[in-house]
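>>> I need the structure of the sequence given here:
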Amino acid sequence: MAAFDTNVLVRVLVGDDPAQTRRAERAFARHARSDGVFVSLVVLAEIAWVLSVAYEWDRATIHERLSRLVRTRGVAFEDLELVESALEGYREGGSEFADYLILGKARAGGVHLLTFDKRLGREDGVTLL
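Below you'll find the model as predicted:
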């Protein structure tokens with residue numbers, strides 16, 4: 001299995017640099033068919049941030065692309081259950097995708113999350129400071 005960095009997966013998802021996109025897509029397809037592609041939680045959070053801030057994609061598009069990546073055969077995630085829960089929270093809520101990963105990790109650890117983020121503070125298990 002090969003771990004893929006944010007910049008490689010962004011090329012696969014966005015396709016804005018033709019030369020890098022071709023290399024990224026070939027590597028992605030090759031590994032997905034053979035030994036697998038590994039995507040960490042940090043990389044997934046970075047992807048969502050880059051698509052939102054650098055590319056100015058809307059939430060629905062980001063959710064759709066990340067969901068499609070999650071369903072791709074040959075792609076494994078650090079914590080698939082957490083990723084799926086964070087995607088659901090992101091689709092339904094108003095916070096950033098990374099916030100839902102953070103909240104999911106807190107819940108999994110059986111701890112309460114404290115935040116200054118007003119939108120995240122509306123979620124169950126979160127206290128707004």
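>>> Show the contacting residues for the closest residue to residue 113 other than its chain neighbours.
Among residues not flanking residue 113 along the chain, residue 106 sits closest, at 4.2 Å (C-beta to C-beta, 6 or more residues apart in numbering). No exception for glycine: its C-beta is placed from N, CA and C like everyone else's. Listed by C-beta atoms under 8 Å, 6 or more residues apart in numbering, the contact set of residue 106 reads 112, 113, 125.
>>> Wait, a strand at residue 106?
No: counting by DSSP: H, G, I helix; E, B strand; the rest coil, residue 106 is not found in a strand; it is helix.
>>> neighbour-wise, which of the contacts of residue 106 leads?
Sorting the contacts of residue 106 by how many neighbours each has (other C-beta atoms under 10 Å) puts residue 113 first, at 21 neighbours.
>>> so how far is residue 98 from it?
Going from residue 113 to residue 98 by C-beta to C-beta, to the nearest Å gives 13 Å.
>>> got it, and residue 1?
Using C-beta to C-beta, residue 1 is found at 24 Å from residue 98.
>>> neighbour count winner among the two?
Between residue 1 and residue 98, counted using other C-beta under 10 Å, the more crowded position is residue 98 (18 against 12).
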